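Engineer: model this:
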Amino acid sequence: MSKIIEMVKKYKPFNEQEERDKIFFIDCENKEQILTRDNDMAHLCASAFVVNKDRTKVLSTYHIIFDSWTWTGGHVDGDDDALFVAKKELEEETSLHNYRLLSKEPISIESIPVLGHFKRGKYIPAHIHLNVTYLFEADENEALQEAPEENKGVKWLYFDELLSLSEEKYMIPIYKKIIEKIKTYNL
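Structural biologist: Have a look, this model is predicted:
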């Protein structure tokens, strides 16, 4: 049994989206290979939502495949430690190494649709990312560097900028939810 799915089972949903996505995660538990990309329908991923110390900005990357400003994150690729994956992806995609985890519990869970696309010359069919998101804090003055295979930009965006610049319209309610949780819980 996946540690990530076990964590999701204990997760207390914040809203209807999380309630429904939690059920979807659990329904996918018995599907083969959800820890790897070998499952073409759905697989586990982890993301980092990184805020500045004032809690007014989010660290964002311009993702090449999604052609949009977004958070950092990626596939767990067989690793059953979503927090480790979120940290690894944060460092790989931004070269940020000085950050602080604000909670060992995820700030959000979500099922994210991914349209069919080409990656490194290979067609990837449409599928779902079963995503777990963690909240981090970092100094917005620390040097950042893009990861040319993944993104073509890394910068801090005010929350409203992320919402207006995101071309992934299905992500906006998720970003709004996380921002609301940050403000509500005074994290």
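
Engineer: okay, CA-based contacts and neighbour counts for the rest of this
Structural biologist: Will do.

Engineer: right, and K155 touches H63 too?
Structural biologist: No: in this structure K155 lies outside contact range of H63 using CA atoms under 8 Å: 11.9 Å.

Engineer: Mind checking which of the two has more residues around it?
Structural biologist: Set side by side, K155 and H63 show more neighbours around H63, with 22 against 18, by other CA atoms under 10 Å.

Engineer: Skipping its backbone neighbours, what lies nearest the more buried one in space?
Structural biologist: Once flanking residues are discounted, H63 sits nearest to N151: 4.4 Å by CA to CA, 6 or more residues apart in numbering.

Engineer: Quick check: bridge partners of the spatially most central residue of the chain?
Structural biologist: Closest residue to the average C-alpha location of the chain: S47 at 2.6 Å, with CA atoms, centre = their mean. Going by DSSP bridges, S47 is paired in beta bridges with G73, T133.

Engineer: Relative to D54, how far out is it?
Structural biologist: Between S47 and D54 the distance is 21 Å, computed by CA to CA, to the nearest Å.

Engineer: average pLDDT across stretch 44-57?
Structural biologist: Across stretch 44-57, pLDDT averages out at 97.
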